[in-house]
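Enquirer: I need the structure of the sequence given here:
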Amino acid sequence: MKTPLNSLPIVAAAAVLTSCSKPQAPPPAAVPEVATITVVQKSVLLTTELPGRTTPFRIAEIRPQVNGLILKRLFTEGADVKEGQELYQIDPAPFQAALDNAKAALGRAEANLPAIQLRVGRYKQALVDKAVSQQDFDDASAALRQAEADINYYKAMVETARINLNYAHVVSPISGRIGKSAVTDGAIVTAFQPLALTAIQQLDPIYVDVPQSATELLRLQGRLEEGRLVRDGTNGNQVQIILADGTKYPLEGTLQFRDVSVDPTTASVILRMVFPNPNGVLLPGMFIRAVVKEGSNARAVLIPQQAVSRDPKGNPLVLLVDPNGKVEQRMIGIDRAFGDQWLVSSNLAVGDQVVVEGLQKARPGATVKAVPFDPAAKASAPAQSATLSNLK
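Expert: Presented below is the predicted three-dimensional model:
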């Protein structure tokens, strides 16, 4: 029996449907690709940033050494003064009078001395001829010694009066920048009074005092003893500072010393540094951050911070790719941040492949394809995206 021609399309369609319904094998799963770096050792200079404050190199509080009346202030507040420059003039009239009185007394004592000396000489000759008694000679000798003592006494009085007269001119003991005056013309001052007339601070050079934790100091000493850090004998004491506005101070300073005692209230020791300050940029009491050189680590291991994750307890973890392409999770020790990298202290060896990008694709035990991490390509990607968005 022949099949009608109009039923042929139906048969063909059924054949096509039958062939499409046959199950096909799924394509093989693609191996995920991750970017890795190879662990190497390099020599790096380790530094520590510590907050600190500037302190004058020298400071002199000016106080009068005699009582008197301030006739005139001879300086401009806030100006630079030189050592020996006169700052205040105390009324010198009483001290000049005392000096003249002491000179007169000295002259009177010196005028009596020759006569007493001649008397002693005559009594000495007369004593040989027994023309005078021993008592008369002894009295004359005692009078001579008393006259000589009076002369020495009045000489000291003259010198004291001259010193007091000089103290009427209050001068600067150091060179530096002077502050505001606590007294004005016409004020009465007393010797060594508690209130300072003014203060002078030497600002070039200037000290920078920085507290360092005693615990961190012990760790640093331990790393030096173990050989993990090596001190640079020539430049190890060079220090840089960063100002409060984030700018870097252009001149380097020198670490002068570490304090010999620990402050019990802060558990820290003071590092004192000396910085040149020719332009007066650094002012007393200014807060800064000091960059202190700890030493060189010739076997430092650095990895990007993005390669490190944390477990629920906060322990740092990394993913490694072994030579067979298998992913391994490993806990590591971290010393500190070094720019945008971590300085690894333990549990990473030279040659290890650390996963930096593609961490979401890598699972411990999974097989991955490792490609070298290119930080330059990552840095250029945002710039290209920004350029395309601007073009749109």
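
Enquirer: give the contact list for Asp350.
Expert: Asp isn't right for residue 350; it's Val. Residues in contact with Val350, defined by C-beta atoms under 8 Å, 6 or more residues apart in numbering, are 39-41, 301. In short, each C-beta sits where N, CA and C put it, glycine included.

Enquirer: what about it, is that helix, strand or coil?
Expert: coil (DSSP: H, G, I helix; E, B strand; the rest coil).

Enquirer: ok, now how distant is it from Leu46?
Expert: 19 Å (C-beta to C-beta, to the nearest Å).

Enquirer: please name the bridge partners of the most centrally placed residue in the chain.
Expert: Centroid check for the chain by C-alpha atoms, centre = their mean gives Val208 as the closest residue, at 4.1 Å. In this entry, Val208 is beta-bridged to Thr54, Met273, by DSSP bridges.

Enquirer: give the contact list for Ala196.
Expert: Counted by C-beta under 8 Å, 6+ apart, Ala196 has contacts 61-63, 182.

Enquirer: of these - the most surrounded one?
Expert: For the contacts of Ala196, neighbours were counted using other C-beta atoms under 10 Å, and Ile62 has the most, 19 neighbours in all.

Enquirer: now the phi/psi pair for that residue, please.
Expert: phi -90, psi 120 (degrees, to the nearest 10).

Enquirer: for it, name its beta-bridge partners.
Expert: Beta-bridge partners, per DSSP bridges, of Ile62: Thr198.

Enquirer: mind checking how far the residue lying closest to Gln134 once chain neighbours are set aside is from Gly121?
Expert: Excluding the flanking residues, the one nearest Gln134 by C-beta to C-beta, 6 or more residues apart in numbering is Leu127, at 6.8 Å. Using C-beta to C-beta, one gets 11 Å for the distance from Leu127 to Gly121.

Enquirer: so these two - more neighbours on which side?
Expert: Leu127 (16 against 12).

Enquirer: Ala60 in helix, strand or coil?
Expert: Strictly by three-state DSSP, Ala60 counts as strand.

Enquirer: hang on, I meant Ala142
Expert: Classification of Ala142 by three-state DSSP places it in helix.

Enquirer: could you do Gln125 as well?
Expert: helix.

Enquirer: quick one: contacts for it?
Expert: Contacts of Gln125 by C-beta under 8 Å, 6+ apart: none found.

Enquirer: now do 10 Å
Expert: 131-132 (C-beta atoms under 10 Å, 6 or more residues apart in numbering).

Enquirer: elements contacting the helix or strand Glu328 falls within?
Expert: Under the criterion of DSSP states H and E, Glu328 resides in strand 327-331. Applying 3 or more C-beta pairs under 10 Å, 6 or more residues apart in numbering; DSSP states H and E, one finds that strand 327-331 contacts strand 316-321, strand 353-357.

Enquirer: and those strands, which is most packed in?
Expert: strand 353-357 (a mean of 23; mean count of other C-beta atoms under 10 Å).

Enquirer: quick one on the thing from earlier: out of the contacts of Val350, who has the most neighbours?
Expert: Ranked by neighbour count (other C-beta under 10 Å), these have Val301 at the top, with 24 neighbours.

Enquirer: re earlier: just the contacts of Val350: which are in strands?
Expert: Val301 (DSSP state E).

Enquirer: in CSV, list the contacts of Val350 along with distance to Ala161 and pLDDT.
Expert: Output for those, formatted as CSV (distance: C-beta to C-beta, whole Å; pLDDT from 0 to 100):
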residue, distance to Ala161, pLDDT
Val39, 83, 91
Val40, 81, 91
Gln41, 77, 89
Val301, 77, 89
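
Enquirer: nearest to Val170 among the contacts of Val350?
Expert: Val301 (63.5 Å; C-beta to C-beta).

Enquirer: which residue is the nearest non-sequential neighbour of the closest one?
Expert: Closest residue to Val301 apart from its sequence neighbours, by C-beta to C-beta, 6+ apart: Val344 at 4.3 Å.

Enquirer: flag the shaky bits of the stretch 151-300 of the chain, pLDDT-wise.
Expert: 223-236 (pLDDT under 70).

Enquirer: one more time with 90, if that's ok
Expert: Across the stretch 151-300 of the chain, the ranges flagged by pLDDT under 90 are 210-240, 244-246, 252-273, 279-280, 290-300.
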